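K.L.:
what would the 3D arrangement of this be:
(one chain, ligands or ions: 1)
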Amino acid sequence: MNVLVFGATGAAGGSVLRACLDSPQVDEVRAIVRRPLAVTHEELRVFIHRDFLDYEAVADAFDGIDACLFCLGISVRQTSGEAEYRTITHDYALAAARMLRRHSPDAVFHFISGQGTALDSRMMWARVKAETERDLIHEFGAVCWRPAFIDGANSDNAPRLYQAMRPAFRLLRGLRGMYVAGEDIGLAMIQSTRDAERGRITGNREIRAIADRARGRGSARQQTGG
Ligand SMILES: NC(=O)c1ccc[n+]([C@@H]2O[C@H](COP(=O)([O-])OP(=O)(O)OC[C@H]3O[C@@H](n4cnc5c(N)ncnc54)[C@H](OP(=O)(O)O)[C@@H]3O)[C@@H](O)[C@H]2O)c1
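P.N.:
Numbering: from 1, shown residues only. Below you'll find the model as predicted:
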């Protein structure tokens, strides 16, 4: 399959990219980023782009795609407020999904939201993510992923404290509802694409279960406890 990755310079997207490059199921990986990637690979094509509301300049990246893995996102603390957070979280994703439909109508759109996402949340970020999930599922049959703590690739964007705390977070590894390795999200997205899933939301435990299944360790149903 051919996949298009957004957010590949980030913690989640960097790990998803690695999972795709390592997967025998994936033939070609394209990444749309606003700055160069450190990784090079014969199966990887990188498109440097600036305007994430208008993808005409990188239209070629959307041709012949089977799955778009949208890992672009931002912490609300890194924005000026709701308007900017909504533009990056909701509008960028919807613009990418629209472009994908025009160029690869059969492709699936995967979106990373996060644990705690809910339309009635008191937290603004959780409501905006929920509205994004709702609109992506309604308009495009998207598959949405709600990871808890992602143990992902090194990201320049992560606060120093967060980077320093990462070894401590790894102590959570045994808690299937609280921790997920970033590459497991990529494995789960690839598996879900192979299974032709559409219009669903998947929580942390099930992400890990699907990744285990993709590696050939147990069935998704057996692994959802814990
Ligand atoms: N990390 C976690 O534990 C965790 C847990 C649950 C959910 N999530 C969600 O997963 C998603 C990715 O998180 P992450 O931890 O990977 O974040 P990250 O390390 O900060 O990476 C974010 C990615 O999005 C890109 N991006 C951000 N703002 C952009 C903008 N205005 N224009 C273009 N690209 C932009 C970044 O590009 P640049 O490198 O160019 O800035 C980077 O590639 C977010 O939606 C986050 O809420 C994360």
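
K.L.:
residue 200 and residue 141 touch, don't they?
P.N.:
No - between residue 200 and residue 141 there is no contact under CB atoms under 8 Å: 9.0 Å. For the C-beta atoms, the positions are set from N, CA and C on the backbone; glycine is no exception.

K.L.:
is any residue of the lowest-mean-pLDDT helix or strand in the chain near the ligand?
P.N.:
Lowest by mean pLDDT, DSSP states H and E among the helices and strands of the chain is helix 160-169, with a mean of 78. No - contact of helix 160-169 with the ligand (CB under 6 Å from any ligand atom) is absent, the minimum separation being 8.2 Å.

K.L.:
for the residue nearest in space to the middle of the chain, phi and psi?
P.N.:
Per CA atoms, centre = their mean, the C-alpha nearest to the average position across the chain is that of residue 71, at 3.2 Å. Dihedral pair for residue 71: phi -110, psi 10, per degrees, to the nearest 10.

K.L.:
what's the answer for the one 10 residues further on, then?
P.N.:
Listed backbone geometry of residue 81 is phi 150, psi -170, with angles given as degrees, to the nearest 10.

K.L.:
ok, now residue 2?
P.N.:
Per-residue torsions, residue 2: phi -110, psi 130 (degrees, to the nearest 10).

K.L.:
now residue 44
P.N.:
Given degrees, to the nearest 10, the pair of backbone angles that residue 44 has is phi -110, psi 130.

K.L.:
what does the one 10 residues further on give?
P.N.:
Taking degrees, to the nearest 10, you get phi -140, psi 110 for the backbone angles of residue 54.

K.L.:
go ahead and confirm residue 8 touches residue 35.
P.N.:
No - using CB under 8 Å, residue 8 is not in contact with residue 35, being 10.2 Å away.

K.L.:
which residues of the chain fall in helices?
P.N.:
11-22, 82-86, 92-103, 124-140, 160-169, 182-194, 204-214 (DSSP state H).

K.L.:
got those as TSV, with mean neighbour count columns?
P.N.:
TSV is the format used below for the helices of the chain (neighbours: other CB atoms under 10 Å):
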stretch	mean neighbour count
helix 11-22	25
helix 82-86	15
helix 92-103	19
helix 124-140	19
helix 160-169	11
helix 182-194	24
helix 204-214	23
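
K.L.:
those: lowest mean pLDDT?
P.N.:
Among the helices of the chain, helix 160-169 carries the lowest mean pLDDT, a mean of 78.

K.L.:
which strands or helices does it pack on?
P.N.:
strand 149-151 (3 or more CB pairs under 8 Å, 6 or more residues apart in numbering; DSSP states H and E).

K.L.:
show the contacting residues for the residue nearest to the centre of the chain.
P.N.:
Residues near residue 71 by CB atoms under 8 Å, 6 or more residues apart in numbering: 5, 6, 7, 8, 10, 12, 13, 16, 112, 185.

K.L.:
identify the residues contacting the least confident helix or strand of the chain?
P.N.:
Outside helix 160-169, the residues within contact range by CB under 8 Å, 6+ apart are 149, 151, 154, 179.
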